[in-house]
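[1] Here's a sequence, model it:
(2 chains)
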Amino acid sequence: MRFLFKTDYEDDIRLVPHSGYFVSYGILLALLVIAPFVLSSYIMSQLVFVCIYATVGVGLLILTGFTGQASLGHAAFLAIGAYTAAYLQQFNVPFPVYFLTAGLLTGVVGALVGFPALRLQGIYLVIATISFALIVEEILARWESVTNGNEGMRVKTIQMLGTSVPRDSPAFYFLCLGLLILTIVGTLNLLRSPTGRAFVAIRDSETAARSMGINVSLYKVKSFAISAAITGFAGVLFAHKLSFISPEMFTLQLSIEFIIVILIGGTFSLHGAVLGAIFLVMIDPFLTYLKDDMPSVISGMAATLGAGKETAAHVQDKVAAIASANGLKGAIYGIIIVLFVLFEPLGLYGRWLKIKLFFQLFPLYKRATFKRQKIYVKSERNR
Amino acid sequence: MLDFVQQLVSGIALGCVYGLIALGFVLVYKATEVVNFAQGDLMMLGGFFAFTFIGILGLNYWIGFAGAVAAMALFGMLAERVVVRPILGYPQFSIIMATIGLGYFLRSVVGMIWGTDDFKIETPFSQGVLRIGSLVLAYDKLSVIAATVILCALLYLFFNRTTLGTAMRASSENMLAAYYMGIPVKRVVSIVWAISAAVATCAGVLLAPITFIHSNVGLVLGLKAFPAAVLGGFGSIPGAVVGGVLIGVIESMAGFYLAQGWKDVAPYIVLLVVLLLKPEGLFGVHMRKKV
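    Got it, this is the predicted structure:
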């Protein structure tokens, strides 16, 4: 077990706490770099989605996890990024230009949303961001001269440095991976800067933060803008990956999926966004597996347990019917959310920390280390 | 003018449904400071229970109605026991997420059991209209309005005049202090969930003749009920119904007089304006914590 002996503040905010990080993250990076040359194109496509979702997750973590402002409207920011890219692309604007424009524009919109959100807290903020997202969705469907309405927009392949980057090429994957890594490193740097500490202070207690001299309004707007801008950048790549965008892709459902990403991963660390994104993207292949393979597997198990042939066939039909039922995905989402909130509120990364601590302290681990305090005297209404 | 009154009445009827869902939000919020994002889905499930009792089993309308309300009250208690009670006392965001998850689950399970088609319940109010001069008012819409007024009055009296209602308000202010005062907080919360599920069921059954019941109806109407609850001031029972009626009227007027598309966003624009100008709503009490 390694003890980090910190003697001054510089030690505490170091980006790389000890040299072990270079080894573990170096290996991870090397694996990610050789991945497109080893893995199948289907898995690569899933990895691209993991990168995009994780980028949005990091953006959402800045706002929800570190500034404590819940948002159920991030699909709208993603949509603004995606539509800006698709619109500018029609006029042959080069990729780097519209990429940056989309991010900046989304950031500005985020700041504009942040201003009214200053007065809101808790559920009111959640409801306000939902309303914002629903209004944006309706605007996308109605502003036909720009967004082409419900018919949607085609997004051409990226043209950069004289070559084209098709959406299933390794280059596109590296673009997404690069954006994710840049976002993560940038966010880590942000969080150890005065701005990031102000965010965390606001999350923990707005009153205390204000009395320490933090300009709460300014930092909340900043947090909204940064979070939205990151989501906007991800939106450009999202549009290119799908190659076709329409308003019904950016619904409340998508916003909830982003919240699921950080909820499952863990809202207190950037690891959470990546773990949550991997988990969420894996749900679809898992459902396909359920539909295709699960019935025969279960009937095989029934057969080995001594059930007759007819019973086994019956079981197979039943399982197949359940697995291919409409809306199974919704039920699985619902169960996952409820189970995580009830039993693993710190998310997958929290579970990892618990396992790590268990082995570090081997015979002395106590469950209560991670126990959250329940507060029954709160009244979020009169804050 | 006639068109205007016609739109007004249908707006009020629709608004009463929003108001009934918003009443569910308000009840749970008043007692536990939790917002139940699955309220609309409870309404949908109640509608399906009633459909099963009346449409499939062929029971009398009133017996089926009462059966659905009772079944949903039990279901509300069950949902509270399984999903909400373990996380009571944790940050609001956890509970919001848990109820969103519950809503997802209910929608998809209902879709699996009853299918995703539209269903209709035959009610005594389905046919027949009331004619006042040249004004034509359908009974199904009037029944919604009447039921809303009665339910709202009953709940208002319950909260302000009975011991149990006072206990609920006390446990909302401070659960720990209420517990020390001898209020069985757990049972109180459980009863509140039962009542709000029952109110949601009333909304679902009354709604069935107007818009059909399908597995996503709860999501659509639940989202519209948020503006209603916020406009009325989260935490005020008459406010929820007044807010619901206002939102319903605004929506139906916007659909009639403004270009296409305004109908769907008008409630949310109103919501954002209210949140900006008067976040405590029309009937809400503005409270500040003394530090």
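
[2] Enumerate the residues of the stretch 51-200 of chain A near chain B.
    Listed as neighbours of chain B in the stretch 51-200 of chain A under the rule C-beta under 8 Å from any C-beta of the partner chain: A:64, A:70, A:116, A:119-120, A:122-124, A:126-128, A:130-132, A:134-135, A:138, A:141-142. (Glycine included, C-beta is placed from N, CA and C.)

[3] Which residues are in contact with the residue lying closest to A:Ala313 once chain neighbours are set aside?
    Nearest non-adjacent residue to A:Ala313, counting by C-beta to C-beta, 6 or more residues apart in numbering or on different chains: A:Ser299, 6.8 Å away. Going by C-beta atoms under 8 Å, 6 or more residues apart in numbering or on different chains, A:Ser299 touches A:Ala312, A:Ala313, A:Val315, A:Gln316, A:Val319.

[4] Just the element for the fourth one, please.
    Okay, so that is A:Gln316. Using DSSP states H and E, A:Gln316 maps to helix A:309-323.

[5] Beyond that helix, next helix or strand please.
    Following helix A:309-323 toward the C-terminus (DSSP H and E): helix A:328-343.

[6] Tell me where the stretch 151-291 of chain B has helices.
    Using DSSP state H, counting those that start in this stretch, the helices assigned to the stretch 151-291 of chain B run over residues B:163-173, B:175-180, B:185-207, B:217-232, B:237-257, B:262-277.

[7] out of everything not next to it in sequence, what's closest to A:Pro166?
    A:Thr157 (5.3 Å).

[8] What backbone torsions are found at the one you found?
    phi -70, psi 160 (degrees, to the nearest 10).

[9] Can you give me every residue that contacts it?
    A:Ser164, A:Val165, A:Pro166, A:Arg167, A:His240, A:Ser243.

[10] Sitting in strands, which of those do you find?
    Residues of the contacts of A:Thr157 located in strands (DSSP state E): A:Ser164, A:Val165.

[11] Show the buried residues in the contacts of A:Thr157.
    Among the contacts of A:Thr157, those classed as buried by neighbour count (16 or more other C-beta atoms under 10 Å in any protein chain shown) are A:Val165, A:Arg167, A:His240.

[12] Can you tell me which of those is nearest chain B?
    Sorting the buried ones among the contacts of A:Thr157 by distance to chain B puts A:His240 at the head of the list, at 28.4 Å, by C-beta to the nearest C-beta.

[13] in the helix or strand hosting B:Val5, what's buried?
    Using DSSP H and E, B:Val5 falls within helix B:2-32. Of all the residues in helix B:2-32, those buried under the rule 16+ other C-beta under 10 Å are B:6-7, B:9-32.

[14] Alpha carbons only: can I get whatever helix or strand comes next after it in CSV?
    Later in the chain than helix B:2-32, the nearest helix or strand by DSSP H and E is helix B:39-51. What follows is helix B:39-51, C-alpha atoms only, in CSV (Å, rounded to 0.1, in the frame of the first residue of the first chain):
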residue,chain,number,x,y,z
GLN,B,39,-47.3,10.7,-10.9
GLY,B,40,-48.4,10.7,-14.5
ASP,B,41,-47.6,7.1,-14.8
LEU,B,42,-49.6,6.3,-11.7
MET,B,43,-52.5,8.0,-13.4
MET,B,44,-51.9,5.9,-16.5
LEU,B,45,-51.8,2.7,-14.4
GLY,B,46,-55.0,3.7,-12.6
GLY,B,47,-56.7,4.1,-16.0
PHE,B,48,-55.6,0.7,-17.0
PHE,B,49,-56.9,-0.9,-13.8
ALA,B,50,-60.2,0.7,-14.4
PHE,B,51,-60.2,-0.4,-18.0
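
[15] Name the residues of the stretch 1-150 of chain B found near chain A, please.
    Going by C-beta under 8 Å from any C-beta, the residues of the stretch 1-150 of chain B near chain A are B:33, B:35, B:83, B:86-90, B:92-98, B:100-109, B:111-112, B:116.

[16] mean confidence for whichever strand or helix holds A:Leu28?
    Assigned by DSSP H and E, A:Leu28 belongs to helix A:20-38. The average pLDDT for helix A:20-38 rounds to 87.

[17] residues touching B:Gln43, list them.
    Residue B:43: Met, not Gln. Applying C-beta under 8 Å, 6+ apart, the residues near B:Met43 are B:Leu20, B:Ile21, B:Gly24, B:Ala200, B:Thr201, B:Ala203, B:Gly204, B:Leu207, B:Val217, B:Gly218, B:Leu221, B:Gly222.

[18] rerun at 6 Å
    Contact analysis of B:Met43 by C-beta atoms under 6 Å, 6 or more residues apart in numbering or on different chains lists B:Ile21, B:Ala200, B:Ala203, B:Gly204, B:Gly218.

[19] Of all these, the one with the weakest confidence?
    Lowest pLDDT within the contacts of B:Met43 is found at B:Gly218 (82).

[20] Skipping adjacent residues, who's closest to B:Ile100 in space?
    B:Phe37 (4.7 Å).

[21] count of residues packed around that neighbour?
    When counting by other C-beta atoms under 10 Å in any protein chain shown, one arrives at 28 neighbours for B:Phe37.

[22] Mind checking what secondary structure the residue of the stretch 51-200 of chain A found nearest chain B has?
    Residue nearest to chain B within the stretch 51-200 of chain A (C-beta to the nearest C-beta): A:Ser131, separated by 3.8 Å. Under the three-state scheme (DSSP: H, G, I helix; E, B strand; the rest coil), A:Ser131 adopts helix.

[23] What is the burial count for it?
    A:Ser131, neighbours per other C-beta under 10 Å, totals 24.

[24] No further questions, thank you.
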